[in-house]
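In: whatever this is, show me its structure:
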Amino acid sequence: MPPIVRKSVTGRVRVNPRSLLLELLLAATVVGASTRVAADDRGGNLAAALKGHVRALTGTAEPRNYQAMDSLDAAAGYIEGRLKACGLTPVKQEFVIQGKTFRNIVARIGNGSKKTVIVGAHYDVWGPGPGADDNASGVAGLLELARLANAHKAQLACNVEIVAYANEEPPFFRTNQMGSYVHAQSWLNRKSAIDHVIVLEMIGYFSGKDGSQAYPLQAMKQAYPTAGDFIAVVGNIPSSPAAERIKQAVLKNSKIGCQTLIGPPALKGIDFSDHLNYWALGLTAVMVTDTSFYRNPNYHKKSDTPETLDYQKMGEVVKGIAASLRPDARQ
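Out: Numbers count the residues shown, from 1 in each chain. Predicted structure coming up:
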C-alpha cells in the first residue's frame, strides 16, 4: 500500500522480451527459495507455509522495488516458482518503464465457467523496509489461495486468475505504470467476463488491544471494533454485494472476525491499492486488508518484519477467501 504522499513519473508501457541470462539467474533464485518452504507445503500447515513465503520474499538482498531490480526480479521468480510447484503454468506479463523491464506474474485456474474471479496482490515494497505486512503477507496469501483453488478447482464457482503485481508503490501509484493498471487494461475488451476482483493488501498484522484500531472518520469508532483483531473487506458502493458475500464466507468458514467498509474514493485509504485500476473500468473489485496504517505501527518502516505478523490469523483469512470462491458463497 502506498504512503499518503504520492508521486508520479513518466514512461511508456510496452512489451519487451527478457534476456536468456536473466532467465537463468531467476531460475537459480527460484530453486533456492522454493526449497525453503517445500517442507511446509508437504506438512499441510497453512500458517507455516505462509510464514515461509513471507520470509522468502523479505529475504532478498535489497528491498524488492524499482531501485533494486535484482531483488524485485528474485521476488517475481520466487512467485513464479511457487505457482509452478502447485501445478499451475504462470506467464509473465511484461512492460518497460524507462528502460527497465517489470513483470506481473499471472496464472489461470480454469473450470469451464464463462466468468472469472481475479485475485491479486502486489509484491513490491516502498522504501528501505522488508515489507513483511506490506505486502509479502498479501503475496503469501495469494500463493496459498492459488494452491488451494487449483487443488479444488472442480468446486470453484468461476475460473480464477491469480496475479502478482509489480509497481503498486510510489513512484508508480496512480499512474499507468502500475502492474495492476497493465493487467486491468489487458481485460478491457473482455471485462464483461470478470465476475469480481479481490486484492489482498496487507493481511498479516492483528492486535487484540483496545484502541489499536483507528479509522478515517472519528464517528466510525461507534460502529466498528476498537481492537484490530479482524480482517476488513473494503469496496465502493457498486462492489457492496460482493464485499458482503466475501465477509459472510469468512465468518462462516474461518475463525476470525470480518468487517466490511463501503464508501466513496474520497474516504481516505479506501482506494489505496491495486483495486482502483479495476474500479476505473467500472468493475466490481474489493480490497481485503488488515487496514494498513490505521492499525499497523510498522507501516513503511524497517520494523515491518516477519516477526510482527500473526500467521495463524493469516491462515484464517486465506481459508475464508478460499471459501468465497465456492458456489455456496453466493447462496
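In: for the rest of this, base every contact and every neighbour count on C-alpha atoms.
Out: OK.
In: helices or strands up against the helix or strand where Ala243 lies?
Out: Assessed by DSSP states H and E, Ala243 sits inside helix 240-253. Applying 3 or more CA pairs under 8 Å, 6 or more residues apart in numbering; DSSP states H and E, one finds that helix 240-253 makes contact with strand 230-235, strand 257-262, helix 311-324.
In: contact partners for Ser240?
Out: Counting by CA atoms under 8 Å, 6 or more residues apart in numbering, Ser240 makes contact with Ile262.
In: follow-up on the earlier one: pull the CA atoms of the helix holding Ala243 into PDB?
Out: C-alpha atoms of helix 240-253 as PDB (Å, rounded to 0.1, in the frame of the first residue of the first chain):
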ATOM      1  CA  SER A 240     -21.000  -3.800  -1.800                       C
ATOM      2  CA  PRO A 241     -22.800  -7.100  -2.700                       C
ATOM      3  CA  ALA A 242     -19.500  -8.800  -3.400                       C
ATOM      4  CA  ALA A 243     -17.900  -7.500  -0.300                       C
ATOM      5  CA  GLU A 244     -20.800  -8.800   1.800                       C
ATOM      6  CA  ARG A 245     -20.600 -12.200   0.200                       C
ATOM      7  CA  ILE A 246     -16.900 -12.400   1.000                       C
ATOM      8  CA  LYS A 247     -17.500 -11.200   4.600                       C
ATOM      9  CA  GLN A 248     -20.100 -14.000   5.100                       C
ATOM     10  CA  ALA A 249     -17.800 -16.600   3.600                       C
ATOM     11  CA  VAL A 250     -15.000 -15.600   6.000                       C
ATOM     12  CA  LEU A 251     -17.300 -15.600   9.100                       C
ATOM     13  CA  LYS A 252     -18.800 -19.000   8.200                       C
ATOM     14  CA  ASN A 253     -15.600 -20.700   7.300                       C
END
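In: that older thread, comparing the helices and strands packed on helix 240-253, which comes out most buried?
Out: For the helices and strands packed on helix 240-253, ranked by mean neighbour count under the definition mean count of other CA atoms under 10 Å, the leader is strand 230-235 at a mean of 26.
In: just checking, Arg326 touches His152?
Out: No: between Arg326 and His152 there is no contact under CA atoms under 8 Å: 9.6 Å.
In: the two: which is more packed in?
Out: Per other CA atoms under 10 Å, whichever of Arg326 and His152 has more neighbours is Arg326, with 18 against 12.
In: now the more buried one. Its backbone dihedrals?
Out: phi -90, psi 160 (degrees, to the nearest 10).
In: so where do the helices sit in the stretch 101-250 of the chain?
Out: 138-151, 179-186, 240-253 (DSSP state H, counting those that start in this stretch).
In: got the contact list for Lys115?
Out: Contacts of Lys115 (CA under 8 Å, 6+ apart): 158-159, 193-195.
In: tell me which of these is nearest to Leu145?
Out: Asn159 (13.2 Å; CA to CA).
In: what about that closest one, distance to Gly112?
Out: According to CA to CA, to the nearest Å, Asn159 and Gly112 sit 7 Å apart.
In: neighbour-wise, which of these two wins?
Out: Asn159 (24 against 12).
In: who is the more buried one paired with across the strands?
Out: When assigned by DSSP bridges, Asn159 has beta-bridge partners Thr116.
In: could you check the pLDDT of it?
Out: Asn159 is assigned 98 on the pLDDT scale.
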